[in-house]
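Undergrad: this one's sequence-less:
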């Protein structure tokens, strides 16, 4: 692990009293002055990092970000005089970090508490300046680019609050990682910068989110689309496939940078995520997908309060790359584990509990987190966005519990995972009756509608077929399919065709793990054409049982056999089924 400057703490420690009481991650210090709320404090001889959360006339309460075993009353404490801060750098791309943005790849899977002197790996990169000396630059302006592995070209920016004449700019070539690349208005500019994780980075303005984020997952892109800069919650009980769905979105969405926050999840799941991202090729460049990914791994066996900080660290990293003009997706898996850390610490401080023991400020904390998602005009006057996707793991699958119910109030899209669908091996198990997308109406007009003019019509047609099939499902279970009139029997058949030929998608399939909008549209059009032919046959007097017994295999297998962009194969499957139906007339 790197030293504590890896969190951006460059201030010198100063006296902050001594330890009075230790209760797990809660530590009380004698008030010796020189501290402020949210300041970082080093505890004991091991210098464990902690954050100030409360100050009284005689005591300072801090939450420790490391295991406090061995810390005892009387141990010294010192303040760094700065809040919890992340050191942001192009070097983050391709790395794996803990909840405080300390590299796990340097010291292996385990961090030694309080270690501050692990040697950093020497690194240089190519700097390509884009401005001459003497030019006046405003905050957020691009000074140049650095070359790193992968498709992302990180940009060196004039930091917020700084402007002036370019007094120096480094020449094109190799430079050390910490080299001064430019001086603007007397301020030295390096490739990296520090930023407090709990403070949103400034922008010129927030703009309406009207550009779709293509995820490669048909049920999402078709029925519950999300805009770049929007917010999504993915609630679902154990075993419904949340982690797999989020991994698929991270692998195949068309964002420029992915920030994946493993917040309190099992270590084996995070190990699978890291392995998959390292092995998967980037569909854009053919290189490694990991080269445009930042993974923050704060698993369930790591310190509990670092889990609380990890979501803020992750969204701060996302804002850093957003300010360069990139579209970033920040995935938090899961926000329930983050909320549990808040609850545990609140119980130790004696805070008045609200619903199910969660602190009264839970709703405000969730709102503040999701509010940092936005499509923006950056300080440099370019577009950028952060899309936040948060998994929710309700205990026992209870979607009425506080974290889920509060989260639904603040997000624009809800992808609810259904246990019955998952147990029926229908994946992704996104419930079409309990999910929603407020972005769908926005994306039905403007540039998105021009790119896919019939998307809204397809969405409405599919939603109508599914709703009608669901309405009849209880009657079929009660009386049997033969008790229904012929039109209703075809509605049940249409719902099955939509589910099996369009909405199902295998994450393990080399051809169907990812689907382009063109293939999705072709599959929907094929199903609608077949359903229309079936209705016409029944209207002309063909018994519905003959239509139900027809061979729909070519249509059902088209999603699996056609490559992600192969619409011709889908149309061929449709024509085969239409030919079979033609023989019934």
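TA: Looks like it came in fine. The model shown is predicted, which means the values in this text are computed figures rather than measured ones.

Undergrad: specify the local secondary structure of the residue nearest to the spatial centre of the chain.
TA: Among the residues of the chain, the one closest to the centroid is residue 331, at 1.6 Å (Cα atoms, centre = their mean). What DSSP: H, G, I helix; E, B strand; the rest coil gives for residue 331 is strand.

Undergrad: for the stretch 201-350 of the chain, just list every one of the helices.
TA: Applying DSSP state H, counting those that start in this stretch to the stretch 201-350 of the chain gives helices spanning 218-223, 242-252, 267-279, 304-322, 335-349.

Undergrad: and the gap between the residue nearest to the centre of the chain and residue 369?
TA: Here residue 331 is placed at a distance of 13 Å from residue 369 (Cβ to Cβ, to the nearest Å). No exception for glycine: its C-beta is placed from N, CA and C like everyone else's.

Undergrad: who touches both of those two?
TA: Common contacts of residue 331 and residue 369 (Cβ atoms under 8 Å, 6 or more residues apart in numbering): residue 390.

Undergrad: for the residue lying closest to residue 192 once chain neighbours are set aside, which residues are in contact?
TA: Of all residues not flanking residue 192 in the chain, residue 89 sits nearest, at 3.5 Å (Cβ to Cβ, 6 or more residues apart in numbering). Applying Cβ under 8 Å, 6+ apart to residue 89 gives the contacts 177, 191-193.

Undergrad: ok, residue 326 - contacts?
TA: 152, 255-257, 384.

Undergrad: what about 10 Å?
TA: For residue 326, the contact set (Cβ atoms under 10 Å, 6 or more residues apart in numbering) comprises 152-155, 255-257, 292, 318, 320, 378, 382-386.

Undergrad: of the residues you listed, closest to residue 209?
TA: Lowest distance from residue 209 to the contacts of residue 326 (Cβ to Cβ) belongs to residue 385, with 7.0 Å.

Undergrad: who does the closest one bridge with?
TA: Taking DSSP bridges as the rule, residue 385 bridges to residue 327, residue 375.

Undergrad: was I right about it contacting residue 226?
TA: No - if you go by Cβ atoms under 10 Å, residue 385 and residue 226 don't touch, sitting 11.1 Å apart.

Undergrad: of these two, which one has the most company?
TA: residue 226 (29 against 26; other Cβ atoms under 10 Å).

Undergrad: out of the contacts of residue 89, which are buried?
TA: The neighbour count (16 or more other Cβ atoms under 10 Å) marks 177, 191-193 as buried among those.

Undergrad: restricted to strands, list the residues you listed.
TA: residue 193 (DSSP state E).

Undergrad: from the buried ones among the contacts of residue 89, which shows the smallest pLDDT?
TA: Ranked by pLDDT, the buried ones among the contacts of residue 89 bottom out at residue 177 (86).

Undergrad: grab the nearest non-local neighbour of that one.
TA: The shortest distance from residue 177 to any non-neighbouring residue, by Cβ to Cβ, 6+ apart, is to residue 123 (4.5 Å).

Undergrad: now do residue 488
TA: residue 472 (5.6 Å).

Undergrad: in the host helix or strand of the one you found, what counts as buried?
TA: Using DSSP states H and E, residue 472 sits in helix 455-479. Across helix 455-479, burial judged by 16+ other Cβ under 10 Å covers 455-456, 458-459, 461-463, 465-466, 468-469, 472, 476.
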